[in-house]
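Undergrad: next input, structure requested:
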Amino acid sequence: MQVNMFNNNYNNRDKNISFKKIVRNDIASKTLKDNKYLLLVSGPSGVGKDSIMNQIMNKFNKIVTHTTRPKRAGEVDGKSYFFTTVDKFKEGIKNNEFVEYIEGFSGKYYGTKKETIKNALNGEKPALAIVDVDGAKNIRDNLKNDPQINVVSIFFRPPSKEPLKVLESRLNKRGSETAESIKTRLQRAEYEINRAKEYDAEIEVNNVEESLNDIHKLLNLD
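TA: From the prediction side, this is the model:
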């Protein structure tokens, strides 16, 4: 395993890198072959991963997950989620169709099918799944012996000096979180940050522009 670390002292060699980046594995070898790779993106709530990835979503085929929860107003089957029944979902689990799944609140299931990933890779774009650290691990474990799918994983983390304080400030600025929900999210964030070493690369998010620049460099995006 190769680890490369860049920080502000590296700017005298590469002006495009202005914050810390950790690259553990050879990402280029996984991404340059016909774009047939699955990108897994994770990061704690409030870190900004959705804002970053939404800027380059047109470069990927986003993985649509399956769920047993009812469809809400404005949601489209096959685009927002694949909506299914509990019985069909459990049948899929029994048949090993899911590379990851969870049973959420009120017994509602959410999961990603291997078939969905393969369908997303049939085009000219790589596939993208934004998942938590547990889902990412399950996907990696279930696909590691599949020669047709290369998996690349990137973890977005808050600034390293006081990451939880940064996240707490960002969550408070949302204005939609209760004190209890913020506490829960921060506890989860600490757990997730401690799992960041499982990823091919980590990007420390100071602002969206810098993070977009770095992910372009990592993935060799046009």
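Undergrad: residue nearest the centroid of the protein?
TA: Centroid-nearest residue in the chain, with C-alpha atoms, centre = their mean: residue 41, separated by 1.8 Å.
Undergrad: buried set for stretch 145-152?
TA: 149-152 (16 or more other C-beta atoms under 10 Å). The C-beta positions use only the backbone N, C-alpha and C, and glycine is treated the same way.
Undergrad: same check, this time on stretch 194-207
TA: Result for stretch 194-207 [16+ other C-beta under 10 Å]: buried residues 196, 199-205.
Undergrad: now for those, which pair is the farthest apart?
TA: Farthest apart among the buried residues of stretch 194-207 by C-beta to C-beta are 200 and 205. That separation is 16.7 Å.
Undergrad: which strand runs longest in the chain?
TA: strand 150-157 (DSSP state E).
Undergrad: contacts for it, please.
TA: The contact list for strand 150-157 (C-beta atoms under 8 Å, 6 or more residues apart in numbering) reads 27, 30-31, 33, 36-44, 47-49, 52, 133, 136, 139-140, 143-144, 163, 193, 195-196, 198-205, 211, 215, 218-219.
Undergrad: now swap in stretch 116-126 and tell me
TA: Under the contact criterion C-beta under 8 Å, 6+ apart, stretch 116-126 has outside partners 31, 35-39, 59-66, 82, 99, 127, 129, 143, 148-149.
Undergrad: tell me which other helices or strands the one helix or strand residue 173 maps to touches.
TA: Using DSSP states H and E, residue 173 sits within helix 163-174. Counting contacts by 3 or more C-beta pairs under 8 Å, 6 or more residues apart in numbering; DSSP states H and E, helix 163-174 is packed against helix 179-193.
Undergrad: can you give me the neighbour number for residue 144?
TA: Residue 144 has 9 neighbours, counted by other C-beta atoms under 10 Å.
Undergrad: retrieve the pLDDT associated with it.
TA: Residue 144 is assigned a predicted lDDT (pLDDT) of 92.
Undergrad: contacts only, for it.
TA: Residues near residue 144 by C-beta under 8 Å, 6+ apart: residue 151.
Undergrad: can you pull out the helices in the protein?
TA: Along the chain, the segments classed as helices by DSSP state H run 27-31, 49-54, 86-94, 114-120, 133-143, 163-174, 179-193, 208-219.
Undergrad: what's the second one packed up against?
TA: To tie it back to what came earlier, the one meant is helix 49-54. Packed next to helix 49-54, using 3+ C-beta pairs under 8 Å, 6+ apart, are strand 37-42, strand 127-130, helix 208-219.
Undergrad: what does that helix contact?
TA: With C-beta under 8 Å, 6+ apart, helix 49-54 has contacts from 41-43, 128, 130, 156, 205, 208, 211-212, 215.
Undergrad: before we move on, back to that, report the beta-bridge partners for the residue nearest to the centre of the chain.
TA: Per DSSP bridges, the residues bridged to residue 41 are residue 130, residue 154.
Undergrad: sketch out the low-pLDDT regions of this protein for me.
TA: 1-20, 32-33, 105, 176 (pLDDT under 70).
Undergrad: distance check, residue 79 against residue 64.
TA: As defined by C-beta to C-beta, to the nearest Å, residue 79 lies at a distance of 7 Å from residue 64.
Undergrad: and if you look at residue 45?
TA: Per C-beta to C-beta, residue 45 is found 21 Å from residue 64.
Undergrad: ditto for residue 209
TA: For residue 209, the distance to residue 64 equals 28 Å [C-beta to C-beta].
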